[in-house]
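Q: fold the stuff below for me.
(one chain, ligands or ions: 1)
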Amino acid sequence: MREAIAKTDSRRRFLRLLAASPLVALSGLSLAPLDKMAPSGNEKPVGALDALDRLAQGVDLISTPEQALNVMEFEAIARKKLPPAHFGYLATGVDDDATLRANHEGFTKYQIRVRRLRDVRNIDTSVRIFGAAWDNPIALAPVGSQKAFHPEGEIAVAKAARAKGHLQILSTMTSSSVEAVNEAMGAPVWYQLYPTNDWNVARGLTKRAEAAGCPVLVLTVDLQGGTNRETMLKSRRVDSRECVVCHVGGLNYNPTIRRRPMFQGLDLSRVVTQYPLDMNWEVIKRLRDITTMKLVIKGIVTREDAQLAVERGADGVIVSNHGGRGEESNRSTIECLPEVVEGVAGKIPVLIDGGFRRGTDIFKALALGAKAVCIGRPYVWGLAAFGQSGVEAALGILRRELQLIMRQAGTTSLEQITREYLVDRRR
Ligand SMILES: Cc1cc2nc3c(=O)[nH]c(=O)nc-3n(C[C@H](O)[C@H](O)[C@H](O)COP(=O)(O)O)c2cc1C
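A: As a prediction, the model looks like this:
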């Protein structure tokens, strides 16, 4: 106990010292009032120690994308640069953000069994999905409204994806048209669909993506029940500006989408929501009737739904809980992955997203049977921090980290990364 108090006291002295330091002023961190943050006794001075941790990691100190040691370093820059409500939109989970945290913590439930004494000079991270070849299995998840994070938005992201050979999935809520993004990408992206409650609008969006050459339609199914994004709502309390890039006429769906490029030319008079509450598995057939694009269902987290997706004719699934932004299930996607892989029984590819921040996270998903891993926030942090070069740097870090763990584990191609390389600590 005495040791704990002595430790707290010395931390408090250090915090006082630190608060007076120009380093803190430069970093933009608030360490005051110290007495509240670092009380004597046994209370844990969480805020201040978090701040110290962040300083220790140098997270607020990088000024070029090349200086970043990991993708999290871009988050601190994004937080600083973005208006509070835009950062809140990016960062938010739902309810108490527990599922958001679970996505990260889930990776700790699996350990990597590395093998030794193998020739690991040549590492091949290439992958084929629906007949198309990609240099690596790291894809860019659909994220709406990217001009809220950087003036070049989805175009900068497409240029980065093109430069580094990544698959990009474009959101229905994109702030740039699919045609412009495809041009920047130099090839058609996958298109993510929110069907809305008016099937004519779903048809219009789908037909437009198909006409633009998109080979794959990704139907997102994890927001149908609605969401309670409290962190986002709290961030709006400190930032009441109305940003017309993101929304007009308050936050109602219809006035907002009227300005979005993908909705131009469509009759939106009946649209009130992204999803009809009565959407069911019939939607796959309905989409099949209007498009020949491959159809991937995003948001599957159970064996049963994985089986249904196969039975109903989906071409692929993405294990996703919308980055902890849908329901507060407390389940990480990495823990959902094994049952989804079992459910599809090798018949269609399984992709995954949610909380991937390290090459080792990606390795674990590949070992559990994922064909590719999508990332959301990390590339948007890079975008907000430094535009295209930030996205390229964030992707570069993840590619480098994946190659590193592949070497360390003695696996030279993605096919070699199997279940044998993991220990499931939950058993
Ligand atoms: C700001 C933001 C906007 C998003 N917009 C969409 C979207 O328009 N369509 C969609 O299917 N998913 C959307 N997602 C979910 C992502 O596609 C992805 O599932 C999630 O970000 C993965 O988790 P991660 O951010 O921890 O990597 C969004 C996520 C964020 C953070």
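
Q: can we go C-alpha only for contacts and neighbour counts from here?
A: Fine.

Q: got any ranges where the stretch 251-400 of the chain has weak pLDDT?
A: 251 (pLDDT under 70).

Q: which parts of it are strands?
A: 294-300, 316-319, 350-353, 372-375 (DSSP state E, counting those that start in this stretch).

Q: check the offset of the last one from the chain's centre.
A: Averaging C-alpha coordinates over strand 372-375 and over its chain gives two centres that are 8 Å apart (CA atoms, centre = their mean, to the nearest Å).

Q: would you mind measuring from the most centrally placed residue in the chain to Ile290?
A: Geometric centre of the chain, nearest residue: Gly376, 2.0 Å, by CA atoms, centre = their mean. According to CA to CA, to the nearest Å, Gly376 and Ile290 sit 29 Å apart.

Q: show me which residues of the stretch 201-350 of the chain are close to the ligand?
A: Proximity of the stretch 201-350 of the chain to the ligand, by CA under 6 Å from any ligand atom, involves residues 220, 320, 322-323.

Q: mind doing that once more with 8 Å?
A: When proximity is defined by CA under 8 Å from any ligand atom, the stretch 201-350 of the chain lies next to the ligand at 218-221, 298-299, 320-325.

Q: export those residues as TSV, with columns for distance to Ile112.
A: Output for these, formatted as TSV (distance: CA to CA, whole Å):
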residue	distance to Ile112
Val218	31
Leu219	33
Thr220	31
Val221	32
Lys298	27
Gly299	26
Ser320	22
Asn321	24
His322	26
Gly323	23
Gly324	25
Arg325	28
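
Q: can you pick out the most distant pair from those?
A: Within these, two members stand farthest from each other by CA to CA: Val218 and Gly324, at 18.5 Å.

Q: which residues touch Leu395?
A: 138, 164, 379 (CA atoms under 8 Å, 6 or more residues apart in numbering).

Q: ok, the last one touching Ala394?
A: What it means is Tyr379. Yes - using CA atoms under 8 Å, Tyr379 is in contact with Ala394, at 5.9 Å.

Q: residues near Asn122, how many?
A: Residues lying near Asn122 (other CA atoms under 10 Å) number 11.

Q: offset the numbering so it begins at 24, please.
A: New numbering, starting at 24: the last item is Asn145.

Q: how would you label it: helix, strand or coil?
A: Using DSSP: H, G, I helix; E, B strand; the rest coil, the structure places Asn145 in coil.

Q: can you check Ala101 too?
A: Applying three-state DSSP: Ala101 is helix.

Q: returning to what we had before: turn the strands of the stretch 274-423 of the chain into a markdown table, including mean neighbour count.
A: Putting the strands of the stretch 274-423 of the chain into a markdown table (neighbours: other CA atoms under 10 Å) gives the following:
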| stretch | mean neighbour count |
| --- | --- |
| strand 317-323 | 23 |
| strand 339-342 | 27 |
| strand 373-376 | 29 |
| strand 395-398 | 24 |
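
Q: that older thread, and the residue nearest to the centre of the chain, how far is that from the ligand?
A: 4 Å (CA to the nearest ligand atom, to the nearest Å).

Q: looks like that residue contacts Val166 (just checking).
A: Yes - at 6.6 Å, Gly399 counts as touching Val166 under the criterion of CA under 8 Å.

Q: and the pLDDT at Arg259?
A: We note a pLDDT of 88 for Arg259 in this prediction.

Q: could you find the closest non-adjacent residue to it?
A: Using CA to CA, 6 or more residues apart in numbering and skipping residues adjacent in sequence, the residue nearest Arg259 is Ala108, 5.0 Å away.

Q: need the contact list for the one you found.
A: By CA under 8 Å, 6+ apart, the contact set of Ala108 is 255, 258-259, 261-262.

Q: filter the residues you listed to the buried ones?
A: For the contacts of Ala108, a burial check counting by 16 or more other CA atoms under 10 Å picks out 255, 258-259.

Q: any idea whether the one residue in the stretch 124-273 of the chain that gets nearest to the ligand is helix, strand or coil?
A: Closest approach between the stretch 124-273 of the chain and the ligand, counting by CA to the nearest ligand atom: Val166, at 3.5 Å. Three-state call for Val166 (three-state DSSP): coil.

Q: tell me the pLDDT at the residue lying closest to it once chain neighbours are set aside?
A: Closest residue in space to Val166, ignoring its immediate chain neighbours: Ser194 at 5.7 Å, by CA to CA, 6+ apart. Ser194 carries a pLDDT value of 98.

Q: Ser194 contacts Gly167, doesn't it?
A: Yes - the criterion here is CA under 8 Å, and Ser194 meets it with Gly167 at 5.4 Å.

Q: those two: which has the busier surroundings?
A: Ser194 (25 against 18).

Q: closest one of the buried ones among the contacts of Ala108 to Pro299?
A: Of these, the one sitting nearest to Pro299 (CA to CA) turns out to be Met255, at 23.5 Å.

Q: residues contacting Arg348?
A: By CA under 8 Å, 6+ apart, Arg348 lies in contact with 115-117, 122-123, 250, 252.

Q: and what of Ala417?
A: With contact set as CA under 8 Å, 6+ apart, Ala417 has these partners: 93-94, 97, 401-402, 405.

Q: which residue is the nearest non-sequential neighbour of Glu351?
A: Closest to Glu351 by CA to CA, 6+ apart is Thr122, at 5.5 Å.
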